[in-house]
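**Q** how would this look folded up:
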Amino acid sequence: MDVKHLDTITLFDGLSKDQKAEVARQADEIDVDAGKRLVSEGRFGYEFFVIEDGTCQVVRGDQHIADLGPGDFFGEMALLGDTTRNADVITATPMTAMVMTDVAFRSLARKMPRVAEEIRSACRARTEELVAG
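**A** Residues are numbered from 1 along each chain as shown. Purely as a prediction, here's the structure:
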């Protein structure tokens, strides 16, 4: 993944250039067509996504929960602990996203524990915000 793309994602704002470079080494970039289910409710999660371009919908059961776009992230529970996905996430438009597997994140955490904790903290804050709101 090109480290320059991380400069446009607020989740990584607090990271130095070297820290962003390590995140970029651990992540992949994917292009996905509209209508693709990236996350399935009830399944275990093994990756975390950050949207670079495009949009997706978050659906729980039959209920539309949210629309997500550039800078938003989902699948963070895969980084925070072993739990099943609590919603489906389906691309609404063609989308480009950064993807980091739980294995890659653990590797990042071993090399740069402070960076991993910053990402976890941002994910926890977002989760708390969604629960409260």
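
**Q** what average pLDDT does the host helix or strand of A97 get?
**A** Assigned by DSSP states H and E, A97 belongs to strand 95-101. Across strand 95-101, the average pLDDT comes to 94.

**Q** for the next helix-or-strand element following it, packing partners?
**A** Where DSSP H and E defines the elements, the next helix or strand beyond strand 95-101 is helix 102-111. Helix 102-111 makes packing contacts with helix 17-26, strand 47-53, helix 77-80, helix 113-132 when contacts are defined by 3 or more C-beta pairs under 8 Å, 6 or more residues apart in numbering; DSSP states H and E. All C-beta spots, glycine's among them, are computed from the backbone N, C-alpha and C.

**Q** the helix or strand following the third one packs against which elements?
**A** Per DSSP H and E, the first helix or strand lying C-terminal to helix 77-80 is strand 88-91. Counting contacts by 3+ C-beta pairs under 8 Å, 6+ apart, the secondary-structure elements packed against strand 88-91 are strand 37-39, strand 56-60.

**Q** count residues in the vicinity of the residue nearest to M98 when sequence neighbours are not counted, would you?
**A** In space, and not counting its chain neighbours, M98 is closest to V50: 4.4 Å by C-beta to C-beta, 6 or more residues apart in numbering. Close neighbours of V50, defined as other C-beta atoms under 10 Å, add up to 25.
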